[in-house]
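S.K.: Got a predicted structure here, sequence first:
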Amino acid sequence: MIEELFSFSFFQRAMLAGLLIALCAALLGVNLVLKRYSMLGDGLSHVGFGTLAVSAAAGIAPMAVAVPVVILAAFLLLRLQSSGRMKGDAAIALTSSSALAIGLIAASLSHGGNIDLHSYLFGSILAITKSDLWICVGLSIIVLALYTLSYHRIFAITFDDTFARATGLRAEVYNLLLALLTAVTVVVGMRMMGALLISSLLIFPCLTAMQVCKSYRGVVLCSAGVSICAFALGLVASFWWDTPAGATVVLANLSGFLLFYLAGHLRAQK
Amino acid sequence: MNLITVTNLSMRYESRTIFSDLSFRVLEGDYLCVVGDNGSGKTTLIKGLLGLKQPLAGKIELTIDRNEIGYLPQKTAVQSDFPANVREVVASGVLNRLGLRPFLRAEERTTVQKNLQRLRINELQTQSFRALSGGQQQKVLLARALCAADRLLILDEPVTGLDPQAAAEFYRLVKELNQSGIAILMVSHDIRSAVRYANHILHLGQDSAYFDTTEHYRNSKYYQQSLGV
């Protein structure tokens, strides 16, 4: 059964692209969760949905519009968070629902003609084309390289922004870098996972790893591993049971979280 | 030698001017405590000294490089459940010595170990930062500040939230560092400990400031008033 699955080229593409996105999302998610930006991914995916729906209704290539718009949204949301004029979580909630509403209205005005709402919202495994796969490969090489090279500095700005800036680190640059990489990961990943579920790839692995790991390095490595395993298991299971891929991956992540939570709990009692 | 000379400095917090015409200096080997009520601008002053905030008017002259200043900021909410071990936290203090290199070299790792030993926390290095007591956490952050610099330490309310015993131990440790030649600039709420340990006091009042030696400060109306309240 599983061998048969891997013989389908669309399945191979989905698996490879998904694993790469899961890996990038897990690494970036550690910093989002620890900096209390957990909902940023959720806000960005809604903006991504709105943009995709509007550009599809207008007949423009969706990805070419979505990537810059979501990057812009990420910058603005982070700027709002640091300026203190509006609370970050309120800003994200406002943005999410507005973008979702705009997308739904755009879709209904175009009479649903060429827009597959269901696949935008909940993802589709068939959505991964050859060029999407190359985008995923390129993206993950960039994320992994930048992440590895700035590993120590990203730790410093995540743990203590003020200290990092006082010792001459250009914290804004690294915050913008993280926002940019997150935005691209969300847009690329939402095709498969769906706008409503992509943010789980960002936050679940880190929360899972934090249940058992004591060091930052441990959390980073563990969430990468957890994310890859959960995605592979979830995707195979979704074919097995004929369930939606995105939702099954989220449930695999949830199972992983519960398992690690229990393990952390048992270890604490010993 | 003057490490920091501040002349006629004015700074604002949000849109309010919180102090103006402030002048003081920090000498090599000094122990200066900055005291004053909440909202008198102590933390803003420190951000100005560190170059994180621009002054409204006046001058801040540093005869040492900003990279030679170690800083212990106030604790943030993020740190209370952050998964990191002690060594990782202390190692983030040497990043300003890396230049463009992405990773630590052997000599920077030695600096980390040296400062862990100096504050007698080397046996804690693989322990989780969030699981430590408040006093131990402050020692770890002090070690990180020492990694960043060893001529001047700026400490922002380092004993807030510590129990009396841990606070006393922290003060002793800072005094030790001061006696080994490091200048200290400490923001504090605790005026009694300030006059006990520091040799200079800067008192930020509502509309005026006082800067002099601790001895003179003891006889000033600023000290009398703040003890009287």
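M.R.: Yep, that arrived.
S.K.: And the lowest-mean-pLDDT helix or strand in chain B, what does it pack against?
M.R.: Lowest mean confidence among the helices and strands of chain B (mean pLDDT, DSSP states H and E): helix B:221-228, at a mean of 80. Counting contacts by 3 or more Cβ pairs under 8 Å, 6 or more residues apart in numbering or on different chains; DSSP states H and E, helix B:221-228 packs against helix B:191-197, strand B:200-204. C-betas here are computed from N, CA, C, even on glycine.
S.K.: Ok, which of those comes nearest residue A:157?
M.R.: With Cβ to Cβ, the closest approach to residue A:157 among the helices and strands packed on helix B:221-228 belongs to strand B:200-204: 29.7 Å.
S.K.: For the stretch 101-250 of chain A, which residues are neighbours of chain B?
M.R.: A:148-153, A:155-156, A:158-169, A:209-210, A:213-219 (Cβ under 8 Å from any Cβ of the partner chain).
S.K.: Give me the buried entries from the residues you listed.
M.R.: Buried by 16 or more other Cβ atoms under 10 Å in any protein chain shown: A:150-153, A:155-156, A:158-167, A:169, A:209-210, A:213-219, out of these.
S.K.: Mind checking which of these are in helices?
M.R.: Filtering those for membership in helices, criterion DSSP state H, returns A:151-153, A:155-156, A:158-159, A:161-166, A:209-210, A:216-219.
S.K.: quick one: the helices in chain B?
M.R.: Going by DSSP H, chain B shows helices at B:42-49, B:86-91, B:106-118, B:134-148, B:164-179, B:191-197, B:214-218, B:221-228.
S.K.: And the contacts of the longest one?
M.R.: What it means is helix B:164-179. With Cβ atoms under 8 Å, 6 or more residues apart in numbering or on different chains as the test, helix B:164-179 has contacts from B:29, B:31, B:119, B:133-135, B:138-139, B:142, B:146, B:153, B:155, B:158-159, B:162, B:184, B:186, B:190, B:193, B:196-197.
S.K.: how far is that helix from where the chain is centred?
M.R.: Remark: helix B:164-179 is offset 13 Å from the chain centroid, using Cα atoms, centre = their mean, to the nearest Å.
S.K.: Give the rounded mean pLDDT of that helix.
M.R.: For helix B:164-179, the mean per-residue pLDDT is 93.
S.K.: Next: the first one.
M.R.: On average, the pLDDT along helix B:42-49 is 90.
S.K.: Run the chain-centre distance for that helix.
M.R.: 10 Å.
S.K.: list the contacts for the most centrally placed residue in chain B?
M.R.: Nearest to the mean C-alpha position of chain B, by Cα atoms, centre = their mean, lies residue B:155 at 1.3 Å. Counting by Cβ under 8 Å, 6+ apart, residue B:155 makes contact with B:72, B:142, B:145, B:174, B:184, B:185, B:186, B:187.
S.K.: what are the bridge partners for it, then?
M.R.: Beta-bridge pairing of residue B:155 under DSSP bridges involves residue B:72, residue B:186.
S.K.: if we can go back for a sec, distance to residue B:63 for the helices and strands packed on helix B:221-228 - can I get that in JSON lines?
M.R.: Formatted as JSON lines, these follow (distance: least, Cβ to Cβ, whole Å):
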{"stretch": "helix B:191-197", "distance to residue B:63": "24"}
{"stretch": "strand B:200-204", "distance to residue B:63": "17"}
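S.K.: Out of these, which is closest to residue B:55?
M.R.: strand B:200-204 (14.8 Å).
S.K.: For that closest one, buried residues please.
M.R.: For strand B:200-204, the neighbour count (16+ other Cβ under 10 Å) marks B:200, B:201, B:202, B:203, B:204 as buried.
S.K.: Close to chain A: what parts of chain B are there?
M.R.: B:50-52, B:66-67, B:69, B:71, B:73, B:76-79, B:82-85, B:88-89, B:91-93, B:95-96, B:98, B:102-104, B:126-128, B:131, B:144-145, B:148.
S.K.: The residues you listed, buried ones only, as a PyMOL selection?
M.R.: Entered in PyMOL, the line below selects the buried ones among these, by 16+ other Cβ under 10 Å:
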select buried, chain B and resi 50+69+71+73+79+82+83+84+85+88+89+91+92+93+95+96+104+127+128+144+145+148
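S.K.: The residues of chain B next to chain A in strands, which ones?
M.R.: B:69, B:71 (DSSP state E).
S.K.: circling back: closest one to residue A:191 among the helices and strands packed on helix B:221-228?
M.R.: strand B:200-204 (56.4 Å).
S.K.: partner strands of that closest one, parallel or antiparallel?
M.R.: Partners of strand B:200-204 in the sheet, by DSSP bridges, are strand B:31-36 (parallel), strand B:209-213 (antiparallel).
S.K.: Measure how that strand sits relative to helix B:42-49, angle-wise.
M.R.: Per axes from the mean of the first three to the mean of the last three Cα atoms, to 10 degrees, the angle that strand B:200-204 makes with helix B:42-49 is 110 degrees.
S.K.: Centre of the chain to strand B:200-204, how far?
M.R.: Put simply, strand B:200-204 sits 14 Å off its chain's centre (Cα atoms, centre = their mean).
S.K.: which residues touch that strand?
M.R.: B:19, B:22, B:24, B:26, B:30-37, B:40-42, B:45, B:194-195, B:209-214, B:217, B:220, B:222-223, B:226.
S.K.: got it, and stretch A:100-113?
M.R.: So stretch A:100-113 is in contact with A:46, A:49-54, A:56-58, A:115, A:117, A:120, A:195, going by Cβ under 8 Å, 6+ apart.
S.K.: Among those, find the lowest-pLDDT one for me.
M.R.: residue A:115 (65).
S.K.: low-confidence ranges in chain A?
M.R.: For chain A, applying pLDDT under 70 flags the ranges A:1, A:82-86, A:111-115.
S.K.: residues in contact with residue B:9?
M.R.: B:19, B:20, B:21, B:22, B:23, B:45, B:48, B:55, B:57, B:58, B:59, B:60.
S.K.: got it, and residue B:195?
M.R.: Contacts of residue B:195 (Cβ under 8 Å, 6+ apart): B:33, B:201, B:214, B:217, B:218, B:223.
S.K.: could you redo the last one with a cut-off of 6 Å?
M.R.: Applying Cβ atoms under 6 Å, 6 or more residues apart in numbering or on different chains to residue B:195 gives the contacts residue B:214.
S.K.: What separation do you get for it and chain A?
M.R.: For residue B:195, the distance to chain A (Cβ to the nearest Cβ, to the nearest Å) stands at 27 Å.
S.K.: For that residue, give its distance to residue B:178.
M.R.: As judged by Cβ to Cβ, to the nearest Å, residue B:195 and residue B:178 stand 15 Å apart.
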